[in-house]
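>>> next comes the sequence, and after it the predicted model I'd like to discuss.
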Amino acid sequence: MNREFSVDTASKGSIVFGCFLGVVGLFVAVFNLLFGALIIVGAVLIFFLMRNFANDLTVICRDEGFSVKIVNKRKGSSITDYKWEDVISTQYYEKDSGTDSDGHSTTTSYFLVKTGEGVAIDLQDMSGFADFIEIVNQKTPHLPYYWEKNRNLLSSSRFKRKQRGTT
């Protein structure tokens, strides 16, 4: 098994946010050249700041353990390897992300993996998030609990903690 999970905050986030603000700046420039130019300059500045200060995170899961690769344009990249046996706890949690454009409250899901050395991973919801949690559940049978998708429609939480050996 070799599965890779990536959160490309610096790469994708900076491009999306910079392009969005650039388009808004062009639209505003049609009505007011000065404000439009200021928004475009802000978009370029934010693009470069996000690109250079944010991290791209990749987690590579293997049978014997997992690696955490962090790439930062300023600091370079680092890779840390962990064994599944070194995992001492996992935690699923959610944070309120504010409200969306429709006025609905939004939450962001996170999954934290802790080893004896400290926090190994604190992943934000991404593509394959549920698959990653399932892999961690399978590879850490030494933990007294696991995380199960919440099937309760009334609950806002996507996962719930279950004790191993119970149904």
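Right, received. Where do you want to start? From a predicted model like this one, the values you see are computed outputs, not experimental measurements.

>>> which residues are contacting the lengthiest helix in the chain?
Longest helix in the chain, counting residues (DSSP state H): helix 33-53. Helix 33-53 is contacted from outside by 9-11, 13-15, 17-22, 24-30, 72-74, using C-beta atoms under 8 Å, 6 or more residues apart in numbering. In short, each C-beta sits where N, CA and C put it, glycine included.

>>> change it to 7 Å
Outside helix 33-53, the residues within contact range by C-beta atoms under 7 Å, 6 or more residues apart in numbering are 10, 13-14, 17-18, 21-22, 24-26, 28-29, 73-74.

>>> separate out the buried members of those.
Taking 16 or more other C-beta atoms under 10 Å as the criterion, what is buried in the contacts of helix 33-53 is 10, 13, 14, 18, 21, 22, 25, 28, 29, 73.

>>> show me the contacts for the residue nearest the centre of the chain.
Nearest to the mean C-alpha position of the chain, counting by C-alpha atoms, centre = their mean, stands residue 124 at 2.5 Å. By C-beta under 7 Å, 6+ apart, the residues touching residue 124 are 7, 108, 110.

>>> against residue 93, how distant is the first one?
If you measure residue 7 against residue 93 using C-beta to C-beta, to the nearest Å, the figure is 16 Å.
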